[in-house]
Structures are given as C-alpha cells and as structure tokens.
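Novice: Just a sequence and a predicted model for now, questions to come.
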Amino acid sequence: MAGVPVGERGPRRRLSLRPCTDADVGWITAACADPDIERWTEVPTPYDVEDARVFVASGGGSLLVRAVVDADTDEGVGMVALHRIEDDGGHLDGALGYWVAPWARRQGVAVWATLAMAEVAVLEWGVTRVSLDIAVANEASTAVARRAGFVPGVTPAGLRVADGDTRSAAVRWVLAVG
C-alpha cells in the first residue's frame, strides 16, 4: 500500500506507512500540541518532547502504530494505530485510531491512513472488520469515517471517548474488510 492512493478518494500527495523512529520526535511533538489533537485523542496535555520519545519507544500501548509520511519527502503528516483486536460475535474486529497533523489536514490523509491500516490488519491479523470510535461532537472524524466507507455500527452501551478534559458519547463506525 506504500505510496498508493486509495481509489478516487486518494490523498493529494503520495503517502506511506512506516514505523516511528527517533527522528519523528520533533514533528510528533509539534503536531500533538495542536488543540484538536489534544481534544480528540488521549495524548498528554501539555505534550512535550519526552512524551513523544515515550510514544515512539512504546507505541502508546497499541498493537501496531505507524507514522503516516509523505512518500517522496518522508515528512510526517499523521499517525495511525491498530489499538486492539477483538472477537465480536463472529467478526474479528480491529479497533483503529488516527490523528493528522494540522499542516496536513483536508488533504485525504486520514481516509488514506485508516484504509491502509485496515489493509495491514487484514493481511497480518486476519481481521474481518475494522472500527473507529468517534465522539458524537467530532464532526471532522465523522466525515473521515463516511468518506472512507465506514457506517455506524452497533455501539456498545455507554461508549465514551476523549473530548478535551472530559469523555463524551461516541458512535462506533465499522467497515467490513474481510
């Protein structure tokens, strides 16, 4: 999938996924200082260089984390993760998460990254469905889910996700992939 746009919804630049390295600490630190990333993810606030170093070293507790980078320049533009895999009533569900750096938004990065990670989850773990848990108020991520072909799924009762200093009601968006 490296550098390959996803169908008609492809990004405006060629992208690829790769493991995070120490060289990514600077741009990760800058991106995670963004108010939208602070609000809709669970990054520490305020976010500093040491937080980025720990994230690069540990993957933040996810099964698989990949930097989303410009395939031509290696500029970091976002992050995508496979948080966990669960057997959900006959489906092997891979829970995904992502963020896009402020300098790369509205360029198709999030759609590409979620679909690329979905492909990895199918090929490496045999998942049959991927999901995104998105706060009801997070209109940007809801739009990404729709553009990537996700649909509202069965949302666990009481599902809540990061929303600034609190947690708010969320919808589980799903995409059949296998």
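Specialist: That came through fine.
Novice: and the gap between Ile134 and Ala162?
Specialist: 11 Å (C-beta to C-beta, to the nearest Å). Every C-beta, even on glycine, is put in place using the N, C-alpha and C of the backbone.
Novice: which of the two has more neighbours?
Specialist: Higher neighbour count among Ile134 and Ala162: Ile134, with 25 against 18, using other C-beta atoms under 10 Å.
Novice: Next one, pLDDT for the more buried one please.
Specialist: Per-residue pLDDT puts Ile134 at 98.
Novice: so is it in a helix, a strand, or just coil?
Specialist: Secondary structure assignment for Ile134 (DSSP: H, G, I helix; E, B strand; the rest coil): strand.
Novice: Once you drop chain neighbours, what's closest to it?
Specialist: Sequence neighbours aside, Ser141 is the residue nearest to Ile134 in space, at 4.6 Å (criterion: C-beta to C-beta, 6 or more residues apart in numbering).
Novice: Verify the contact between the one you found and Leu132 for me.
Specialist: Yes. Between Ser141 and Leu132 there is a contact under C-beta atoms under 8 Å: 7.1 Å.
Novice: Which elements pack onto the helix or strand the residue nearest to Ile134 falls within?
Specialist: Ser141 is located in helix 139-147, with elements delineated by DSSP states H and E. With contacts taken as 3 or more C-beta pairs under 8 Å, 6 or more residues apart in numbering; DSSP states H and E, helix 139-147 sits against helix 109-125, strand 129-135, strand 166-176.
Novice: tell me the most buried of the ones you listed?
Specialist: Burial of the helices and strands packed on helix 139-147 is given as mean neighbour count (mean count of other C-beta atoms under 10 Å); strand 129-135 ranks first at a mean of 23.
Novice: re earlier: mind pulling up the pLDDT for the residue nearest to Ile134?
Specialist: 97.
Novice: what do you get for the one 3 residues further on?
Specialist: pLDDT recorded at Val144 is 97.
Novice: OK, contacts around it?
Specialist: Going by C-beta atoms under 8 Å, 6 or more residues apart in numbering, Val144 touches Ala110, Val111, Thr114.
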